[in-house]
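> let's see this in three dimensions:
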Amino acid sequence: MEPDRITNLPDNVIEGILLHLPMRDAVRTSILSSKWRYKWATVPYLVFNKVFCPFYQNPTDITSKIVSIIDRVLVLHFGVIHKFELSHREFEAVSDIDRWILHLSRRSIENIVLEIWQSEAYKYLAVGIEPHKLPEPHVELKYISIYINLNNHEDSLTFLCLLSTAPNLDELEMTAHPEEQTIGGIDTNFWEDGCWNLPFSKLRVVKITGISGAKPEMDFIKFVLLNSPALERMVVEPVFTSDRWELVTKLLCFKRASNQAEIIYKNP
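Predicted coordinates for the structure are as follows:
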């Protein structure tokens, strides 16, 4: 009888194959043989996007299905998780995100990407007046990519909470969406408040896109520059604005904790 080539593949080859498969297909490999059954459960990159769950289904059904699958994947996964990404235009924000983030915070996560479009903005992690920290710092979290409305008070509290639990943050990418209706306007001095003691001691690269030049957005940029002694480069790419030169002037006038910090302005 001819040897089963799939079953007898070396472990490093199997791991390489799984890394190049979408999450859905990686899980499906469990039926190939007993050797493959739980190999997918060690994949360090968990990406749940449109490939994982197509758009054509009813949004409510998609949300329920995604929640069920992510729960199962996280329970069965027993390896290191370097990246967790949830990006789906039909996914409706749910409180289950709380559980997932708390779970990931105990798994040496390095990269969390949440892109949620449906329903009202979901305010995870931020409860009450002050942002609540996660149980343990994300010491392995070195990259954050977030889509946020800085004109919204609760969004900003949530953002603060996430930043405060990433002491080794190396790169921050933020996309603003000021065009959305603000729910509970932000205090005009929110980012200027002296109680936010968040020194970004290892932050080197920041990319900010989609801003319109609103005061909360500019205050946030100023806040980052003042608290990032290791910053090397900040890229700012706003949406179209008639006050381009005024925005550039403000950026160049902001004080910087790092003498090496370079501000790169990109025309929209």
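> if you count contacts, what does the helix or strand containing Thr249 end up packed against?
According to DSSP states H and E, Thr249 maps onto helix 244-253. On a contact count with 3 or more Cβ pairs under 8 Å, 6 or more residues apart in numbering; DSSP states H and E, helix 244-253 meets helix 215-226, strand 262-265. (Glycine included, C-beta is placed from N, CA and C.)
> so which of these is the most packed in?
Mean neighbours per residue, mean count of other Cβ atoms under 10 Å, is largest over the helices and strands packed on helix 244-253 for helix 215-226, with a mean of 20.
> only C-alpha atoms, please: export it in CSV.
Extracted C-alpha coordinates of helix 215-226, given in CSV (Å, rounded to 0.1, in the frame of the first residue of the first chain):
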residue,chain,number,x,y,z
LYS,A,215,-9.7,69.8,18.4
PRO,A,216,-9.9,66.3,20.0
GLU,A,217,-7.9,64.8,17.1
MET,A,218,-5.2,67.5,17.3
ASP,A,219,-5.1,67.2,21.1
PHE,A,220,-4.5,63.5,20.8
ILE,A,221,-1.6,64.0,18.4
LYS,A,222,-0.1,66.6,20.8
PHE,A,223,-0.6,64.1,23.7
VAL,A,224,1.3,61.3,21.8
LEU,A,225,4.2,63.6,20.9
LEU,A,226,4.6,64.9,24.4
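> that helix vs helix 244-253, what angle?
Between helix 215-226 and helix 244-253, the angle comes out at 30 degrees (axes from the mean of the first three to the mean of the last three Cα atoms, to 10 degrees).
> pull out the buried positions in the longest helix seen in the chain.
As assigned by DSSP state H, the longest helix anywhere in the chain is helix 59-76. Of all the residues in helix 59-76, those buried under the rule 16 or more other Cβ atoms under 10 Å are Ile62, Thr63, Ile66, Val67, Ile69, Ile70, Val73, Leu74.
> how about stretch 36-54?
For stretch 36-54, by 16+ other Cβ under 10 Å, it's Trp36, Lys39, Trp40, Ala41, Val43, Pro44, Leu46, Val47, Phe48, Asn49, Phe52, Cys53.
> in the helix holding Thr249, what's buried?
For helix 244-253, the neighbour count (16+ other Cβ under 10 Å) marks Leu247, Leu251 as buried.
> go on, stretch 22-34?
Result for stretch 22-34 [16+ other Cβ under 10 Å]: buried residues Met23, Ala26, Val27, Thr29.
> in strands, which of the buried residues of stretch 36-54 fall?
Mapping the buried residues of stretch 36-54 onto strands (DSSP state E) picks out Leu46, Val47, Phe48.
> what about the second one, distance to Asp11?
Computed with Cβ to Cβ, to the nearest Å, the distance linking Val47 and Asp11 is 22 Å.
> what are the boundaries of the strands in the stretch 101-250 of the chain?
Assigned by DSSP state E, counting those that start in this stretch, the strands in the stretch 101-250 of the chain fall at 111-118, 143-148, 171-176, 205-209, 233-237.
> helices and strands around the second one, which ones?
Meaning strand 143-148. Contact here means 3+ Cβ pairs under 8 Å, 6+ apart; on that basis strand 143-148 packs against strand 111-118, helix 153-164, strand 171-176.
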